[in-house]
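In: model the following, please.
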Amino acid sequence: MLTPTPTFADILSFVLDKVAQRTKTPRETLTADTLLANVGVDSLSAVLICGHCEDRFDLELEPSVMFQCKTAHEVAEVILKMLTKS
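Out: Down below sits the predicted model:
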C-alpha cells in the first residue's frame, strides 16, 4: 500500500515543530513566515532539522536549504516539490 504524499500543511507543521524544538522557541510564536535566522537557526540547527525532515519524508535535503529559504513556508515548499516530483 502506498503512503500518501503529506500535505503542505503537514510538512509546514513538521518543519515549524522542529525549528521550535531546535531553537527552543515557543511553537505558538512561530508562523509560516517567521524568519528562520531571527529565531536562531544556525548551521548546527539546520543540519539537525534537515536530518529530521529526511527521516520523516524519506528524502535527501541539503542543510543549505535552511539558509536559501528564509522561512519555514519556503522550506516546506521545497520539500513538497521534492516529494511530488515525477
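In: tell me the centre residue of this structure?
Out: residue 15 (3.3 Å; C-alpha atoms, centre = their mean).
In: so what's that residue closest to, chain neighbours aside?
Out: residue 72 (4.6 Å; C-beta to C-beta, 6 or more residues apart in numbering). (Each C-beta comes from the backbone N, C-alpha and C, glycine too.)
In: ok, and for the one helix or strand in the chain whose mean pLDDT sits lowest, which residues are buried?
Out: The weakest-scoring helix or strand in the chain, judged by mean pLDDT, DSSP states H and E, is helix 65-68 (a mean of 91). By 16 or more other C-beta atoms under 10 Å, the buried positions in helix 65-68 come out as 65, 66.
In: ok now that helix, how far from the chain's centre?
Out: 10 Å (C-alpha atoms, centre = their mean, to the nearest Å).
In: so which residues make contact with that helix?
Out: Contact with helix 65-68 is made by 36, 41, 45, 46, 49, 50, 75, 78, as judged by C-beta atoms under 8 Å, 6 or more residues apart in numbering.
In: quick one: which two of those are the most distant?
Out: 45 and 78 (16.8 Å; C-beta to C-beta).
In: most neighbours, which of the contacts of helix 65-68?
Out: If you count neighbours using other C-beta atoms under 10 Å, the busiest of the contacts of helix 65-68 is residue 75, which has 29 neighbours.
In: before we move on, which element is that residue in?
Out: When elements are defined using DSSP states H and E, residue 75 is found to belong to helix 72-84.
In: so which elements touch that helix?
Out: Counting contacts by 3 or more C-beta pairs under 8 Å, 6 or more residues apart in numbering; DSSP states H and E, helix 72-84 packs against helix 8-23, helix 43-57, helix 65-68.
In: buried residues, it. List them.
Out: 72, 73, 74, 75, 76, 77, 78, 79, 80.
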